[in-house]
Structure formats: structure tokens, C-alpha cells
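> structure for this input, please:
(4 chains)
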2 protein chains.
Amino acid sequence: MKKMTEAITTDFEKINSDLVDVFNNVMWIEEASLKRSYFSDITLKDMHTIDAISMYDEKSASQVARMIHLTPSAMTTAIDKLVQKGYVERRRSRTDRRVVKLGLTHKGRVVYRAHQGFHRDMAHNFMAGMTTEEASAVQRAIHNLKSYLRAILSK
Amino acid sequence: MKKMTEAITTDFEKINSDLVDVFNNVMWIEEASLKRSYFSDITLKDMHTIDAISMYDEKSASQVARMIHLTPSAMTTAIDKLVQKGYVERRRSRTDRRVVKLGLTHKGRVVYRAHQGFHRDMAHNFMAGMTTEEASAVQRAIHNLKSYLRAILSK
DNA sequence: AAGAAATACTTCGATAATCAAAATATATGA
DNA sequence: TCATATATTTTGATTATCGAAGTATTTCTT
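Below is the predicted model of the structure:
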């Protein structure tokens, strides 16, 4: 019994340090593999903008800004850059001519899908070799974490 | 059987999207809760520098720079700032007077521990309510991911 | 329906992080 | 000793970001 407690303690330290390691490195690795890819003219932050715009529904500039925690003015310059590089399109809304609707160009959709593929590979490796039961525990863990972070956010 | 396959597919999508959600938000949440804390004069990047310096062994400026993927020149200015704010100390190595050894001040050690606490809470919530078996599956998952990222890095 | 207030975005001016290249100080090897 | 290598800093330029002011458009109030 005592031994088991020790084992759990050790496991916790291991999980904690692996978790920190993963968080500290994912961003940088995404950034680096983007630089080595065909799409080396955009940064990871640009990628997040593209991801927030996404494929299927028109979002306004301010919606996207809120999603990725940028001020409207920073959003304007970020979009300028992505428009100029051919990833994003600006259109004025017809119903409210103040708002700018954002959409991806063909090139934007290609890089969006590539990035989704990256995430998908990551998730596949995360789940590699799990039984159904194990997978459901992992699912619960990641859901826990998501809820915890949400809770902090709304504090 | 078919139904089960579908369930697994759905689970995968859920895990994937939760994983992405967590990655996209952790950094921002850490940043935000740092701003609200007693240590609102440092950014998350500063925190990562402090974390890389750590408590127990003297590291040189260039070692720390490599750990957090900064150029030496950027490291110099980053340290200047942290020295000026009272978190970090610079000392010249005695055996090689070119190298700068970095260490944390009392204040630096306090914020270092606070940040470790944050990670610990996160890991605790990640593991909340898991049995020993489930915990070991989760441990394996996070280890998988870590290895996967390492593999990409060395490509 | 005119004028006031609100909203969505952009422009402007300032600041901070970062980089690459040159400079400085020190150490190592021929 | 002198040339070369190494660790860090300084310099000059670029880029991301912000907040405040500006512009265009819509909505609200009376």
C-alpha cells in the first residue's frame, strides 16, 4: 500500500514534467516546422489567425481578434499582411458596411488543411496504442484540463 | 462493431479538438494570470527565462538562450531587464571570465516556485479522479506526445 | 427624420522584442 | 606569441503590438 502511494507520487512528477515539456515545446516546434515547409512566409501567429478565420463560416475581423486575443488595431495589420501574401480575403459585409468579413483564399485553405493535419498527427500519436478504455481515460484527462483552464479564465 | 468504430472516431475528433483548444489557450491563460498576480511586471517569456535558469545549478547565458530558443543578443537584453527588475543575478565565471553565470535572486526564486505551483495544479486537474490504471494510460499518452515532438525536432 | 451615441475598423505614434552583424574580452592551440 | 575560437554585448534595423484618435456606418432617441 505504501509502495503504491510512492509509485503514484512518482508518476505524478513524471506526468507533470512531461506536460511542462510538451507545453514549452509545441509552439516552438510548430513554428520551426512551418519555417521548413512550403509556407515559410508565415509565422505561427499568422497560422493561428488563419485557423481562427477557418473555412466554413464568415467571421468578422473583430470576432477573429477576440478569438486570438489581439486588439483590433493589431488585427488590421495582421490581416493586411496575410492579404498581401495571398492567404486571406477581406470583404465588406452587405448588411452592415462597417464590418469586414474574412475568408481564406485557395492558398489559405491549403495551409489551413496542412495545419489541421499537423494537429491530427499529434493527436494520433497522443493516442497511439490505447485500448478503448484507456482512450476514454485520456479523453477525460484532456477534458479536465480544458475545463480547468476555462474556470481560471472566467475567474 | 460498426457502431463502436464510429464511437472511436468521434472520440478522436473530440480529443483532437480539446487538445488544440488546450494548446491554443494555455499560454494565453498563463500570461493573463501572471498579469493579475503580484508579479505583473514580468511576461510569460520572462517566466520561461526564469524557469530555464531554475534554482539548482548555475547555467550560462548561452545555455539558457539555447533552452528557450533565443539568440545570444536577445538573451542579453532579456537578462538586462530581469536583472533590473530584481529577479536574476549575473556573475562572471571564475574559471572562464568570458562566461556569464545566471542565478535567481530571492524574488526570482519566489516567482519560480509560484510558477511551478501553477503547473502542478494544472497536472493535478489533468489527473483528477483517475484510477491507477487510468493514470498510467494518461502518463503513456503524454509520454507518446513528448516523444513524437522530439522526433520531429531531430528530423 | 435629424442629431447623438454606438460600433467596426483603420491610421498614427510609441514601445518592446527580436535578429544579424560588428565589437569586445577572454581563452586555446599551433 | 599570434591566430583563431568562444561568450557575451552593442548596434542598427525590423516587426509585432498597443492605445488613442480618426473615419465611416448604423442605431437609438426624441
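
> just checking, A:Met75 touches A:Gln63?
No - with contact defined as C-beta atoms under 8 Å, A:Met75 does not count as touching A:Gln63 (9.8 Å). Where C-beta positions appear, they are placed from N, C-alpha and C, glycine not excepted.

> okay, now the domains of chain A?
Chain A is divided into the following domains under automatic domain parsing: A:1-36, A:37-153.

> so does stretch A:22-32 get close to chain B?
Yes - applying C-beta under 8 Å from any C-beta of the partner chain, one finds stretch A:22-32 touching chain B at A:22-29, A:32.

> what's the closest non-adjacent residue to A:Lys107?
Distances taken as C-beta to C-beta, 6 or more residues apart in numbering or on different chains place A:Gly86 nearest to A:Lys107, at 5.1 Å, with adjacent residues excluded.

> coming back round to it: the domains of chain A: lowest mean pLDDT?
Of all the domains of chain A, the minimum mean pLDDT falls on domain A:1-36 (a mean of 81).

> buried sites along that one?
By neighbour count on 16 or more other C-beta atoms under 10 Å in any protein chain shown, the buried set for domain A:1-36 is A:11-12, A:15-16, A:18-27, A:29-30, A:32, A:34.

> what's the helix or strand for A:Arg97?
Using DSSP states H and E, A:Arg97 maps to neither a helix nor a strand.

> give me the distance between the residue nearest the centre of chain A and DNA strand D.
By C-alpha atoms, centre = their mean, the mean C-alpha position of chain A lies nearest to A:His48, the distance being 6.2 Å. Separation of A:His48 from DNA strand D (C-beta to the nearest atom of the strand, to the nearest Å): 9 Å.

> once you drop chain neighbours, what's closest to that residue?
Nearest-residue entry for A:His48: A:Ile68, 5.3 Å, with adjacent residues in sequence omitted and distances by C-beta to C-beta, 6+ apart.

> again with A:Thr43
In space, and not counting its chain neighbours, A:Thr43 is closest to A:Glu31: 6.8 Å by C-beta to C-beta, 6+ apart.

> check A:Ala32 too.
Counting by C-beta to C-beta, 6+ apart, A:Ala32 lies nearest to B:Leu153, which is 7.6 Å off, once chain neighbours are set aside.

> I figured the one you found hits A:Glu31, correct?
No - applying C-beta under 8 Å, one finds B:Leu153 not in contact with A:Glu31, separated by 11.6 Å.

> so how far is the strand or helix carrying A:Arg150 off the chain centroid?
For A:Arg150, the host element (DSSP H and E) is helix A:132-153. Put simply, helix A:132-153 sits 16 Å off its chain's centre (C-alpha atoms, centre = their mean, to the nearest Å).

> do stretch A:29-38 as well
15 Å.

> is it anywhere near DNA strand D?
No - taking C-beta under 7 Å from any atom of the strand as the criterion, stretch A:29-38 and DNA strand D are apart, separated by no less than 12.0 Å.

> now do the nearest residue to A:Asn25 once chain neighbours are set aside against DNA strand C, distance only.
What sits nearest to A:Asn25 in space, not counting adjacent residues and going by C-beta to C-beta, 6+ apart, is B:Leu149, at 5.6 Å. Noted for B:Leu149: a distance of 19 Å to DNA strand C, by C-beta to the nearest atom of the strand.

> in a strand, A:Arg91, correct?
Yes - using DSSP: H, G, I helix; E, B strand; the rest coil, the assignment for A:Arg91 is a strand.

> can the strand or helix carrying A:Leu102 be said to contact DNA strand D?
Using DSSP H and E, A:Leu102 sits within strand A:100-104. No - using C-beta under 7 Å from any atom of the strand, strand A:100-104 stays clear of DNA strand D, coming no nearer than 11.0 Å.

> for A:Thr131, what are phi and psi?
phi -80, psi 170 (degrees, to the nearest 10).

> what does chain A put close to DNA strand D?
Near DNA strand D, when you scan chain A using C-beta under 7 Å from any atom of the strand, you find A:43, A:45, A:69-74, A:77-78, A:81, A:96-98.
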